[in-house]
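Q: Here's my sequence, what's the structure:
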Amino acid sequence: MDQSVAIQETLEREENCKIAVQCDVLFDDIAESRLLGLVESAEEHAIFIYTHRRMAITADDVSLEDVIPICLDFAVVEVSSPEELAVVGGDTRVRVSYQEEELELRLPFGSHSRLFLGEVNRAWSDVCKSPAQVPKFEWINKYHKGTRGQGVVKQALTPLSTTLNKLSQHRKTEKSSDKKGTSEREKGSNSGTQKSRLPSSPESQGISSREDRDDLVRSSSHTPSNKAQILAMPQFGLRDNLIRCELLKNEDLYTYLEDFSFFLGTYNVNGQPPKESLSPWLSHTPNPPDMYCVGFQELDLSKEAFFFNDTPKEMEWTKAVTEALHPDAKYALVKLVRLVGIMLIFYVKKEHAEFISDVEAETVGTGIMGRMGNKGAVAIRFRFHNSDICVVNSHLAAHIEEYERRNQDYKDICSRLQFRPLDFTQPPLTIMKHDVILWIGDLNYRISDLDADNVKELISKKEFETLHSYDQLKRQIDEEAVFVGFVEGEIDFQPTYKYDTGSDLWDTSEKCRVPAWCDRILWRGKNIKQQHYQSHMALKTSDHKPVSSLLVAGIKRINTEAYKKTFEEIVRNIDKMENECIPSVTLAKQEFHFKDVKYMQHQAATLSLFNDGQVPCQFEFIQKPNESTYCKPWLTANPPKGFIAQGGSVEIELEVFVNRSTAPDLNSGKEQIEDILVLHLERGKDYFIPVTGNYLPSCYGTSIHSLCHMREPIQDMPQETLRKLVEMSVKENAANTEKPLDIPKELWMMVDHLFRNAIKQEDIFQQPGLRSEFADIRDCLDTGMPDSLPGSNHSVAEALLLFLDALPEPVVPFSFYQQCLESCSNASQCEKTISMLPQCHQNVFNYLAAFLRELLKNSAVNRLDVNILATIFASLLLRSPTKQDLAEKRKTQEFFQHFLTQGST
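A: A predicted model of the protein is given here:
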């Protein structure tokens, strides 16, 4: 999750947080977590240091502690000890100095930390290049004095007052023992695994018995056998890519397979704290597994957690897992990642940790508008020896009838969850671009076409094979709707949901849920065998039972001598062919046309390149003169650059997607679906590829003013009329003899549908709809057919939110935004401000507010309250013309709340 957003909310408008990273500040034997932000203003840079109480989502989560200007008095150097430098997957220690003070930091292993340090070094280099131009840093004075305009920083700050002085005092006491400590560290670096009183990563904090295990295990030195790291190092330039490509192509010549065991566990804990030992689940195998991947769902069900807040249950369950790992082995915690209540923890046997590299973690929410994290997935990817592995823990949409929504969640996770590669010039890694994929979680697929009594009867007879034929996930996999290429072992255990908490009794509540195998484990990849797949009835904390699987996977290991021989042969061959020939490719298709492009409807075509030259080639789409990017914003090429071996081919996806930022100009005809891509070959020629299409105008991305002047569906309107409506001024509008509609008919159709059908709908505006149903709703609004809106209530509700989000000018026009903020605490002033809006905007605002008040009258059934509606709708109705800070967000919510109370007119 991008924590720079939280920092940005503490800054002034002209200041920009370029990148943020969470780290540990080291004092004596104590590590304290901090959030660092690289902040830019007027071409000057400074590092802002924040304390934080959790994963930083908003300004409420952080507190500014110090500011370090990046000037000539600034320096940053890596100070990892020899044994730390040898860690594969280890953290990075750096020392930041400013004037007389120093600060030692530990940044978590991964590409994001490297990117942060790269940006800091770039800013520092810029200062060093122009030593005569002394930065003034006047903009940071307000932070030192604690007199920020919005009052975010309430305490006076002095430069590096707290953190640096605290470290400096410690360093003065240790200088005399520096030499002795260094020699001891060097001696220790040859003794293999080292223990540390310092937790090696933020994920490990708060876990007891830290002395009994290391969070990361160190190899004694860089050795030729450690090719997992060598092959994964970032490579740049044609020659490096040639070598890399040939190594991958000839992998069979220098690798062999060795079996390793992976314990996979998933448990929906229903918001409960750990009440019993997890050993019957995690330690039941005769032999200790080589790795543990343990996933949880519904870690915390509180409303605070729903809005991304932290939870003490993360620490509680992590501690419970750590204490329950197999007692016959020592394990290292490699990574922990959490999104609201979805958590994944990855452990490895200590002796294998040195062969773990390229560890990255990502999350994706699939809740309402694709933004809420109550449903979604977390994932960890890593390289083990020479195999790339991805572990996914997901919690998909609930309710027996929502299997299509679950399918959509799965597809969203696969497309949106991407890992940043080590080589930043390369496209992101998706889940499917791994040798081994392990997928666990509460997938929430249910049993269809049988009632609870029939299901329980089949369970009592242990006729699991018959019951499995009614399983939604099996049916969807058989239809190749989801998990194509994945394997699930035979299910010979009873369904894991739903039980009365604290017992083995099926659900006796009023809803009496039909038992189901919600909790599943699947895998994809070669050379994988399952040793067991079972539930664990002994655990009774939740209304789910935990599930485990033990997989044995053939992992590619490197034969050092064979690798060296292959490498040298490749280099010799490349030396021979270099400079002999000019690269050349054949394009299977020279131009592309996308027919009937629609708002938020993805279209793609494949551009196939075949390397018909005598040498490998490197390609890239390049910018045209006077253009900042290689293509228009509605178009992308994936990958935008790459490498093709001699005689090889590559397929590039050309993707067209119109969103809220590109729709307005396309709706009006100001822009067309037209572009020319320039494909450049290094040391070769350029190829020009025309991309055209026709866009079908939509009410999405069209202004309220224009829509109120359309009595016909937008796709029945001539293009010239649409263009004139956009250009029409308010005065011209007043002179127009034809009376406009009070509100857009499209808005009325959605609100009227919800008023008639969804006033008592549980979780309305909180549960997402279906993508396919949104497409049908959009087409109905844009064409006028059919007469009534299709789709579920949740799909119509989400379509309404997307409509408001896509308005080029929000319901409260930008010119009134500041006035709304100033009047937010006075109800009568708020109503006066709304009365001054252009008539069509005023009508829409009052119409929506009246509808939402009706919803609140049924809050006991639909589970809505004023805070939820104000949070959702204020951000759509009162959008800031520039970047919005936290204080402004609160004011917009306060402003809109006045109109949600019963007394509002």
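Q: and D61, how many neighbours does it have?
A: 22 (other Cβ atoms under 10 Å). C-beta: built from backbone N, CA, C; applies to glycine.
Q: repeat for V79
A: There are 13 residues near V79, going by other Cβ under 10 Å.
Q: how far away is it from F27?
A: V79 sits 15 Å away from F27, going by Cβ to Cβ, to the nearest Å.
Q: low-scoring stretches of the stretch 51-200 of the chain, by residue?
A: Judged by pLDDT under 70, the stretch 51-200 of the chain has its weakly predicted residues at 53-58, 80-90, 109-111, 145-200.
Q: what comes up buried for stretch 400-416?
A: For stretch 400-416, a neighbour-count test (16 or more other Cβ atoms under 10 Å) marks 402-410, 412-414, 416 as buried.
Q: how about those residues, which pair is most distant?
A: Y403 and R416 (20.2 Å; Cβ to Cβ).
Q: Just name the shakiest helix or strand of this structure by mean pLDDT.
A: helix 227-232 (a mean of 34; mean pLDDT, DSSP states H and E).
Q: Strands along the stretch 751-900 of the chain, start to end?
A: Shown for the stretch 751-900 of the chain, no strands are assigned by DSSP state E, counting those that start in this stretch.
Q: all helices for it, in order.
A: Ranges of helices in the stretch 751-900 of the chain, per DSSP state H, counting those that start in this stretch, are 771-783, 793-806, 817-822, 827-835, 839-856, 859-862, 866-877, 886-897.
Q: Figure out which of those helices is closest to S628.
A: S628 lies closest to helix 793-806 among the helices of the stretch 751-900 of the chain, at 24.0 Å (Cβ to Cβ).
Q: Which strands and helices lie in contact with that closest one?
A: Applying 3 or more Cβ pairs under 8 Å, 6 or more residues apart in numbering; DSSP states H and E, one finds that helix 793-806 makes contact with helix 745-757, helix 771-783, helix 866-877.
Q: Dump those into JSON lines; add distance to R446 as well.
A: JSON lines is the format used below for the helices and strands packed on helix 793-806 (distance: least, Cβ to Cβ, whole Å):
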{"stretch": "helix 745-757", "distance to R446": "24"}
{"stretch": "helix 771-783", "distance to R446": "20"}
{"stretch": "helix 866-877", "distance to R446": "27"}
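Q: circling back: single out the most deeply packed of the helices of the stretch 751-900 of the chain.
A: helix 793-806 (a mean of 22; mean count of other Cβ atoms under 10 Å).
Q: That one: how far from the chain's middle?
A: Relative to its parent chain, helix 793-806 has a centroid offset of 22 Å by Cα atoms, centre = their mean, to the nearest Å.
Q: Show me the contact partners of that helix.
A: Here helix 793-806 makes contact (Cβ atoms under 8 Å, 6 or more residues apart in numbering) with 368-369, 599-600, 660, 663, 699-701, 746-747, 750-751, 753-754, 757-758, 761, 763-765, 767-770, 773-774, 777-778, 789, 791, 810-811, 872-873, 876-877.
Q: Mind doing that once more with 7 Å?
A: Residues outside helix 793-806 that contact it (Cβ atoms under 7 Å, 6 or more residues apart in numbering): 368-369, 660, 663, 700-701, 746-747, 750-751, 753-754, 757-758, 761, 764-765, 767-770, 773-774, 777-778, 789, 811, 876-877.
Q: Let's see that helix as CSV, backbone CA atoms only.
A: Written as CSV, here are the backbone C-alpha positions of helix 793-806 (Å, rounded to 0.1, in the frame of the first residue of the first chain):
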residue,chain,number,x,y,z
ASN,A,793,-29.3,-3.6,-6.7
HIS,A,794,-25.6,-3.6,-5.8
SER,A,795,-24.7,-3.2,-9.5
VAL,A,796,-27.0,-0.3,-10.0
ALA,A,797,-25.7,1.3,-6.8
GLU,A,798,-22.1,1.0,-7.9
ALA,A,799,-23.1,2.3,-11.4
LEU,A,800,-24.5,5.4,-9.7
LEU,A,801,-21.3,6.0,-7.8
LEU,A,802,-19.2,5.5,-10.9
PHE,A,803,-21.5,8.0,-12.7
LEU,A,804,-20.9,10.7,-10.1
ASP,A,805,-17.1,9.9,-10.1
ALA,A,806,-16.9,10.3,-13.9
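Q: what is the mean pLDDT for it?
A: Mean pLDDT, helix 793-806: 95.
Q: can you list the buried residues of stretch 400-416 in a markdown table and add distance to E674?
A: What follows is these, written out as a markdown table (distance: Cβ to Cβ, whole Å):
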| residue | distance to E674 |
| --- | --- |
| E402 | 40 |
| Y403 | 40 |
| E404 | 35 |
| R405 | 36 |
| R406 | 39 |
| N407 | 35 |
| Q408 | 32 |
| D409 | 35 |
| Y410 | 35 |
| D412 | 30 |
| I413 | 34 |
| C414 | 31 |
| R416 | 28 |
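Q: nearest to P515, of those?
A: Y403 (16.4 Å).
Q: now that closest one, nearest residue through space, not along the chain?
A: Of all residues not flanking Y403 in the chain, Q472 sits nearest, at 4.7 Å (Cβ to Cβ, 6 or more residues apart in numbering).
Q: Could you check how many residues crowd around the one you found?
A: Neighbours of Q472 under the rule other Cβ under 10 Å: 22.
Q: what sits against it?
A: Taking Cβ under 7 Å, 6+ apart, we find Q472 in contact with Y403, Y445, R446, S448.
Q: in the sheet, who's paired with L679?
A: F621, Y687 (DSSP bridges).
Q: what's near enough to touch it?
A: Residues near L679 by Cβ under 7 Å, 6+ apart: F619, F621, D686, Y687, I689.
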